[in-house]
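1. curious how this folds, go ahead:
(chains A and B)
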Amino acid sequence: MNAVKADVTPAPLIFTSVSKRFTAGNRVVSALQDISLSLPLGQVTALVGPDGAGKTTLLRLAAGLLLPDSGSIATFGLNTAVAGEQLHRLIGYMPQRFGLYEDLSVLENLNLYADLYGISRQDRQLRFAELMRMTNLQKFNQRLAGQLSGGMKQKLGLACTLLNRPRLLVLDEPSVGVDPLSRRELWQIIALLVQEFGTTVLLSTAYMDEAERCQQVVLLDRGQILHQDAPAGFHRLADACSYQLSSPVLGKRMLQQRLQGQPDLIDSVVQGDAVRAVARPGSRPDWTVIFDDTEQVWVTPVPPRLEDAFIMLLLARHASQPQIEAVHFLPNGSRHLVGQQPAVIEVDQVDRWFGNFQAVKKLSFDVRHGEIFGLLGANGAGKTTTFRMLCGLLPASNGRLRVAGLDLRKAAAQARARLGYMSQKFSLYGQLSVKQNLEFFSHAYGLRNKRRLERIAWAFQEFDLTDFADSNSVDLPLGYKQRLALACALMHEPEILFLDEPTSGIDPLARREFWTRINSLAAQGVTILVTTHFMEEAEYCDRLLIMREGDILAAGTPAQIRSSSQTADQAPAGTMEEAFIRLLEITGEANG
Amino acid sequence: MNAASQRLLGLIRKEFLQVLRDPSSLAIAFAMPVFLLLLFGYGVSLDARHVPIGLVVEHVSPESRSFSAGFDYSDYFQAHYFRDLREARQALLSRKINAIVHLQADFERRLNGSEPAPIQVIVNGVDANTARLTSGYVQGVWEAWLNARAEWQGLTPVRAVQLEARVWYNSGLRSRNFLVPGLIAVIMTLIGALLTALVMAREWERGTMEALISTPVSVREVLLGKLIPYYLLGMGGMLLSIGMAVFLFQVPLVGSLWVLLLAGSLFLLAALGMGLLISIAAKNQFVAGQIAIVVTFLPAFILSGFIFNIDSMPWPVQLFTHLVAARYFVAILQTVFLAGDIWEVILPNALALLLMALAFLALALWRAPRRLE
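-> Purely as a prediction, here's the structure:
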């Protein structure tokens, strides 16, 4: 090593043609192939990509928790294969579930990590005070970590990691399942770290708006880097391809339906009251062919965003998605008649206690026939508890619940026969093939003979599962597992469909397809109740309820909720996410 | 304080806090041992006492009455009288009684004459163990009566040779004295292997192990951080068991306490080593619990000589018991409690325990993952 180079700080992280394989049973899964990557000092890099792309593996390799099969990884010039303790002093790593001991209090967790990092008693007080100021956790010092909200857990996990003052911070999906306000606070902390300590940050995220804030974005797909650039570089890929469309006549959902399957368009999503469409690069969609003058469609070119490029790059690599027969909505206006339809789900003053913890507080709402109704909220807001009560899986402590006109206290089994339920983890039999799963569920729902065969054939065709008929469901890609689970829930043609976090962990492509399907089911008259922690998915619902700590934060149509966040000095929020944060600030809960 | 000991102390403190706050750990560490001790101390007994027996006396006479009185006043039997054999058989079939003693109508005539006077004994052989005990006891009553009768008539006993049995070390033949010490091995297996395997698996399941490995802590410290708290907990369980055995169940402790504690430490280290090894193989609590029960808890129960005598097992099973650490410890426990510090028994068994403890701990340290795979 020569004298000139010794002065230069080595890069925080360098991957040199790194490959990593795992063996699962007798199959070898290639998680990462030939990854080369270098992180610039003092910058924030986001790792994005579909589920199963290898993000977590890459982060674990970076933190020295795994070793590469080939290639090498250097952190500040130290080879992770040989450096031990020294490496762990430089890197702070926060795993997906924050790595907290849930039966220890906030302070006990901090003390444990301080001991592990070898921080002396005197230093400890200073650092604790500094981290408490950063995270606003001082009031909860004595509370058990397991009893913190998702957002507070995330901040505590981060505080434990930061005790060491790491020079490289590695975070695995730090914001998943966390409410928008906590997400915003997380980013404030990260900005502060970079500014004050020059920390280098590498994180993975499912939120494109978070990736947008980073200096570098790495798009990973099936173990390979698809593209790596600054957000602006991604924008250039999708330059002059993005449009915003609105029509007072058609309404956003019908507008989006009309755009689907257009050869020149690769993507369309509902955004606020309008629809955002992305054209195939190089093409100029002829809007006059798609819409006629009476429909009064306004088209405005809008600047590209990261997600547009993301979809563009992924679509180019993935096999074409199945075409879902576009179901045409009833003429505009008739969907507004939903309000006059009978209520199929009625929740009246429902409480649910677990010991002395109240998970659901005096909840009341109703869902009408043919409606898509959303239950939104962060982890721990009470969504899943509400859901289980509605499915008759959990009795309410107080109040009245009716589904399809049946009181769940008296006729839970009859009510269940009329609803389809898809649970968070999909509840499939992993060791049974796709065909066997469908056969089992059709039996379980009491289908016989001809009708049973018809429904199984329908599932294969409708969900494009024929190629996988004999594969065990455990081996299916996540998106296909979700399709199979939905097919099983629809076996008996239920009039009500309950979907618990159907899109959690599913990549943006599969999510879009899923919502198209749900829209078409709703148009056929199926009532749909869905939970999600993705605020942007609220726009797909006719009406929704935002829950927080077992209470209703807001209820109404997406537009009503956005406008309810309007204050004297602020215009209404443009997105559901902003609306959520504003509502929290208005109700004064922002400071806990 | 140096960094390594600070890390270790932090881990130990954390472990104790977790045990105290987790109901399932508390149940395994404290509730289960007390429950097992009460069950085996009071509930389970291998002795045959108050065995229900049916007496059929066809012709009541002074002789037959004095014979049947032997059953009436025996602690071992509870006598029920039947008019004829048919009735008694019915009772035997419905398991109301375990055996029938039948005196025929000519019992007294034959006894006083020169012909042998037969007594028919029918034993329900479904439970072979109880059947053997019962027939032995019936014979005992019969012999005692004959001797008493001979003495009373001023004659010499009929038999020339007489068995004068004396039981050493557990003279009351109380099975509790033998079960309760052996139970200590089972209880320590519960804490050492089952609880340790479960809490390690929990760290993997909840993702805390991932966070631990990413700190400067070493594998040795993580293992010691489990070993020390559960060693202390296991020894606590042992002291509790010894206390209950001596003070509640009145089991004599003939040998010395320190020998017990030393042997207990060796056994506990072997159990902890097994628990840690299991947790390396099984990273979720359900599988870890299943393996721990099958490879440590059940063998400690069945193959250790705690209940079932190893010498009466078929030889392949006997050979296999040499792999069960509890076997050596049970031998030491029963000897020290009932017979005293018999070094010929203690030393070889302690040596076996030491070797097993070293082997398991070394294996655990060697196989413990330094990274996530």
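2. for the closest residue to A:V526 other than its chain neighbours, what are its contacts?
-> Closest residue to A:V526 apart from its sequence neighbours, by C-beta to C-beta, 6 or more residues apart in numbering or on different chains: A:L497 at 5.5 Å. In this view, the C-beta of every residue, glycine as well, is placed from N, C-alpha and C. For A:L497, the contact set (C-beta atoms under 8 Å, 6 or more residues apart in numbering or on different chains) comprises A:419-422, A:489-490, A:521, A:526-529.
3. for A:L497, helix, strand, or coil?
-> At A:L497 the chain is in strand, as set by DSSP: H, G, I helix; E, B strand; the rest coil.
4. roughly how far does it sit from A:R517?
-> Separation of A:L497 from A:R517 (C-beta to C-beta, to the nearest Å) stands at 11 Å.
5. show me what contacts the closest residue in space to A:V474 that isn't next to it in sequence?
-> In this structure, A:V474 finds its nearest non-sequential neighbour in A:G430, 3.3 Å apart by C-beta to C-beta, 6+ apart. Neighbouring residues of A:G430 by C-beta under 8 Å, 6+ apart: A:472-474.
6. so which of those wins on neighbours?
-> A:S473 (23 neighbours; other C-beta atoms under 10 Å in any protein chain shown).
7. surely A:H88 touches B:P216?
-> Yes - shown here, A:H88 and B:P216 form a contact pair, counting by C-beta atoms under 8 Å, at 4.4 Å.
8. between these two, which is the more surrounded one?
-> The residue with more neighbours, out of A:H88 and B:P216, is A:H88; 23 against 18, by other C-beta under 10 Å.
9. for the more buried one, phi and psi?
-> The phi/psi pair for A:H88 (degrees, to the nearest 10) reads phi -70, psi -20.
10. now A:V218
-> With angles defined as degrees, to the nearest 10, A:V218 sits at phi -110, psi 120.
11. picking that back up, any chance of a markdown table for the contacts of A:G430, columns pLDDT, distance to B:I280 and secondary structure?
-> Below are the contacts of A:G430 laid out as a markdown table (pLDDT from 0 to 100; distance: C-beta to C-beta, whole Å; DSSP: H, G, I helix; E, B strand; the rest coil):
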| residue | pLDDT | distance to B:I280 | secondary structure |
| --- | --- | --- | --- |
| A:N472 | 83 | 28 | strand |
| A:S473 | 83 | 30 | helix |
| A:V474 | 78 | 24 | helix |
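12. and which of those residues is nearest to chain B?
-> A:V474 (15.8 Å; C-beta to the nearest C-beta).
13. pretty sure that closest one is touching A:V434, no?
-> No - shown here, A:V474 and A:V434 do not form a contact pair, counting by C-beta under 8 Å, at 10.8 Å.
14. tell me how the chain divides into domains.
-> By default, I'm working from chain A. Using automatic domain parsing, the domain parsing of chain A gives A:3-233, A:240-303, A:342-418+A:494-592, A:427-493.
15. actually chain B
-> B:3-44+B:174-367, B:51-152.
16. do a quick rundown of the strands in chain B.
-> Taking DSSP state E as the test, the strands found in chain B are B:51-57, B:77-82, B:99-103, B:119-123.
17. show me what the third one packs onto, helices and strands only.
-> I take that to be strand B:99-103. Contacts defined by 3 or more C-beta pairs under 8 Å, 6 or more residues apart in numbering or on different chains; DSSP states H and E place strand B:99-103 against strand B:51-57, helix B:62-72, helix B:85-93, strand B:119-123, helix B:128-152.
18. list the buried residues of stretch B:238-251.
-> Burial within stretch B:238-251, assessed by neighbour count using 16 or more other C-beta atoms under 10 Å in any protein chain shown, is assigned to B:238, B:240-242, B:244-245, B:249, B:251.
19. these into a markdown table, with extra columns for pLDDT?
-> What follows is the buried residues of stretch B:238-251, written out as a markdown table (pLDDT from 0 to 100):
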| residue | pLDDT |
| --- | --- |
| B:M238 | 90 |
| B:L240 | 89 |
| B:S241 | 90 |
| B:I242 | 92 |
| B:M244 | 90 |
| B:A245 | 90 |
| B:F249 | 88 |
| B:V251 | 88 |
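20. what's the closest of those to chain A?
-> B:L240 (23.7 Å).
21. any idea what A:L363 is bridged to?
-> Using DSSP bridges, the bridge partners assigned to A:L363 are A:V350.
22. no, scratch that, I was asking about B:P52
-> Beta-bridge partners recorded for B:P52 (DSSP bridges): B:Q78.
23. quick one: low-confidence parts of chain A?
-> Scanning chain A for pLDDT under 70 picks out A:1-8, A:24-26, A:318-340, A:425, A:505, A:567-569, A:571, A:588-592.
24. how about the residues of it by chain B?
-> A:22, A:60, A:63-67, A:84-85, A:88-89, A:91-104, A:108, A:111-118, A:144, A:157, A:160, A:164 (C-beta under 8 Å from any C-beta of the partner chain).
25. and those, which are buried?
-> Among the residues of chain A next to chain B, those classed as buried by 16+ other C-beta under 10 Å are A:60, A:63-67, A:88-89, A:91-104, A:108, A:111-118, A:144, A:157, A:160, A:164.
26. looking at those, which are in strands?
-> Those of these lying in strands (DSSP E): A:91-94.
27. chain B: which of these is nearest?
-> A:Y93 (3.9 Å).
28. pretty sure that closest one is in contact with A:L61, am I right?
-> No - with contact defined as C-beta under 8 Å, A:Y93 does not reach A:L61; the gap is 11.0 Å.
29. chain center to stretch B:38-47, what's the gap?
-> Averaging C-alpha positions (C-alpha atoms, centre = their mean, to the nearest Å) puts stretch B:38-47 9 Å from its chain's average.
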